[in-house]
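Colleague: Kindly generate the corresponding structure for this input.
(one chain, ligands or ions: 2)
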Amino acid sequence: MKKRVKNISRFSGLSYQDLLDQESRPVPQSLRESTETYLGSEPLSVDRYLSREYHEQEKRQLWPKVWQSLCRETEISSAGDFYVHDVAGYSIAVVRTERGDIHAYPNACLHRGRQLKSGSSAGLGKSRDITCPFHGFRWSLDGSFQGAPCEWDFPHIDRSNFDLPALRVDTWGGWVFVNIDGTAPPLHEYLGIMVDHFERWAPEKTYKALHIKKVLRCNWKIANEAFIESYHTAATHPQLLPYTGDSNSQYDCFNDYVSRTITPMGVVSPHVRGTTEEQAVHQWLTVYGVDTEEGLPELPAGKSAREFLGDMNIRRFSKMYDQDLSSFVTHSEVLDAILYSVFPNFAPWAGFRPNVTYRFLPYNDSPDMCTMEIMLMMRYPESQARPRDATEQFVPADQTLGDTPGIEAGLAAVFDQDFSNLPFVHKGLRSLQSGHIELARYQEVRIRHFHQTLDKYIHPEAGETK
Ligand code: FES
Ligand SMILES: [Fe+2]
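Modeller: Ligands and ions are numbered 1, 2, ... in the order given. The predicted structure is shown next:
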């Protein structure tokens, strides 16, 4: 028998916190935190997305000063493994030394500047030392100068002062981070609340099962901003509405660098009417392409879609990870979209489901193009050897994710819907006569939060970053 469900709304029905009250297992404190931040309602100038001058300011005042995620620690696990990271015309080489440390250097030879390492398409490689391909100047993996051909011709070089300059490196959750100019707060202070929040989800115990790098014809911030609000779901992703509490999402702004959206799943959107709980389950199974082996199931009497899908995912993931999740994992952690962002461009999902992590970067040193990386982070049975991390698949601007191997069709369709907006946002901004955009005060608060932090880098005279 079909049951009508009461649509929930953040304002008139069940909030995400109300849904947590229905959990049968203890809810972690991290999910109970709710900041309800109001950061103002001023319009935002379009120059910050479009102008070359603003892009150049970001190159000088933003990218060198922030912590940037580079790669997984496991991608440079052996001595000589290296990874090249390019951002806005600047290149960083990160290497694993003989002693097992991670060092990062500006990717430039101290002789005449040739890049020391050039990434393959995957940005990965291996070497016993760091030898410049141009004339053969050589450094050990720990950056100490080893010599140069015809060194008699360089009597003016002080050998003891010719090591590669080391950049600040730190790690968190299995990720390697680098700070170029060395003045950022320590990484764990920068990450703030995230360090405690993610302790339970242990991202260091995941491996990268898929890595897509998609070129987009828009400013990198436009792409970033399309993934930190769920307000666009009703217009852009209508197929998700039967099981997505889009307008019931919770938005949190923690310190200057960390914010979060939690969008509840397994509940019917307040934007649709007449959807039953059973239809919600069926649509979820269809979009995610989950095979229940018995076709579309009947929903047992008295069970909500959220309970059914939450229980099902706990069973599925327990089997997948060979770990019994049923005693301690909440439905929220196997079902909801729990998406954190670390300023300016790194966004890991949280919980115990296979989670994606995003990264956004300017492309070709242009304010008009960017890349979005989509990395699928998977847990695996602890009794098994860690699977190898996937190498990067480059997806040009004209190729859809639907035409890209390795990504599940329902998920690819959602990303392609997002991508279908982005070039037109960029183009549309050029035609805005007002010269500014408007933001929702709550559902787009993370965009405002992002720009308020960005302003502190671009106009430091106006306020300190904290
Ligand atoms: S530029 Fe590197 S050895 Fe000459
Ligand atoms: Fe979207």
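
Colleague: Next, F145: phi, psi?
Modeller: phi -70, psi 130 (degrees, to the nearest 10).

Colleague: Give me the local confidence score for the nearest residue to it once chain neighbours are set aside.
Modeller: The shortest distance from F145 to any non-neighbouring residue, by Cβ to Cβ, 6 or more residues apart in numbering, is to F162 (4.2 Å). For the C-beta atoms, the positions are set from N, CA and C on the backbone; glycine is no exception. F162 is assigned a predicted lDDT (pLDDT) of 98.

Colleague: Quick check: F162 touching Q146?
Modeller: No. Applying Cβ atoms under 8 Å as the test, F162 and Q146 come out as separate, 9.8 Å apart.

Colleague: what pairs with P106 across the strands?
Modeller: According to DSSP bridges, the partner residues bridging P106 are I92.

Colleague: Mind listing the residues bridging to the residue of the stretch 201-350 of the chain found nearest ligand 1?
Modeller: Closest to ligand 1 within the stretch 201-350 of the chain is K213: 27.9 Å, counting by Cβ to the nearest ligand atom. K213 has the following beta-bridge partners by DSSP bridges: E373, F394.

Colleague: Near ligand 1, which residues of the stretch 1-150 of the chain are found?
Modeller: C109, H111, R112, G113, R114, C132, F134, H135, G136, F137 (Cβ under 6 Å from any ligand atom).

Colleague: What is the burial count for V46?
Modeller: 20 (other Cβ atoms under 10 Å).

Colleague: Now do the same contact list for the residue located most distally from the centre of the chain.
Modeller: Within the chain, the residue lying farthest from the chain centre (Cα atoms, centre = their mean) is W152, at 49.1 Å. Shown in contact with W152 (Cβ atoms under 8 Å, 6 or more residues apart in numbering): no residues.

Colleague: Tell me if it really is in a strand.
Modeller: No. The assignment for W152 by DSSP: H, G, I helix; E, B strand; the rest coil gives helix, which leaves it out of any strand.

Colleague: OK, contacts around the closest residue to ligand 1 within the stretch 151-300 of the chain?
Modeller: Ligand 1 sits closest to F154 of the stretch 151-300 of the chain, with a gap of 10.7 Å, by Cβ to the nearest ligand atom. Going by Cβ under 8 Å, 6+ apart, F154 touches A148.

Colleague: Read off the pLDDT value for it.
Modeller: At F154, the model reports a pLDDT of 98.

Colleague: Please report phi then psi for it.
Modeller: phi -120, psi 50.

Colleague: Next one: it from R112, what distance?
Modeller: As judged by Cβ to Cβ, to the nearest Å, F154 and R112 stand 12 Å apart.

Colleague: Out of F162 and Q146, name the residue with the larger neighbour count.
Modeller: With other Cβ under 10 Å as the criterion, F162 and Q146 differ in neighbour count, and F162 comes out ahead with 17 against 14.

Colleague: Now do the helices in the chain.
Modeller: Listed in chain order, the helices of the chain (DSSP state H) span residues 16-21, 29-32, 47-50, 52-57, 187-191, 193-199, 220-225, 233-236, 277-288, 305-321, 331-335, 409-431, 445-458.

Colleague: which strands and helices sit next to the third one?
Modeller: Contacts defined by 3 or more Cβ pairs under 8 Å, 6 or more residues apart in numbering; DSSP states H and E place helix 47-50 against helix 52-57, helix 220-225, strand 366-378, helix 409-431.

Colleague: What does the pLDDT read for the nearest residue to T330 once chain neighbours are set aside?
Modeller: Distances taken as Cβ to Cβ, 6+ apart place E23 nearest to T330, at 4.8 Å, with adjacent residues excluded. Per-residue pLDDT puts E23 at 97.

Colleague: number of nearby residues for E23?
Modeller: E23 - counted by other Cβ under 10 Å - has 17 other residues nearby.

Colleague: Need the phi and psi values for it.
Modeller: Torsion angles, degrees, to the nearest 10, at E23: phi -70, psi 140.

Colleague: Can you pull the poorly scored residue ranges out of the stretch 351-466 of the chain?
Modeller: 463-466 (pLDDT under 70).

Colleague: meant to ask about the stretch 1-150 of the chain
Modeller: 1-13, 119-125.

Colleague: hmm, 90 instead?
Modeller: Applying pLDDT under 90 to the stretch 1-150 of the chain flags residues 1-14, 35-38, 78, 87-89, 118-128.

Colleague: Average pLDDT for stretch 218-227, rounded please.
Modeller: Here the average pLDDT along stretch 218-227 is 98.

Colleague: I'd like the distance from it to the chain centre, please.
Modeller: 12 Å (Cα atoms, centre = their mean, to the nearest Å).

Colleague: What residues sit buried inside that stretch?
Modeller: The neighbour-count check on stretch 218-227 (16 or more other Cβ atoms under 10 Å) flags C218, N219, W220, K221, I222, A223, N224, E225, A226, F227 as buried.

Colleague: swap in stretch 95-111?
Modeller: So for stretch 95-111, counting by 16+ other Cβ under 10 Å, buried means V95, R96, I102, H103, A104, Y105, P106, N107, A108, C109, L110.

Colleague: Identify the residue of the stretch 251-400 of the chain closest to ligand 1, quick one.
Modeller: D365 (21.4 Å).

Colleague: nearest residue to that residue other than its sequence neighbours?
Modeller: In space, D365 is closest to G89, 4.3 Å off (Cβ to Cβ, 6+ apart).

Colleague: repeat for C109
Modeller: Nearest to C109 is C132, by Cβ to Cβ, 6+ apart, at 4.1 Å.

Colleague: before we move on, what about L187?
Modeller: That would be D170: by Cβ to Cβ, 6+ apart, it lies 3.9 Å from L187.

Colleague: burial of the one you found, as a residue count?
Modeller: Using other Cβ under 10 Å: D170 sits among 17 other residues.
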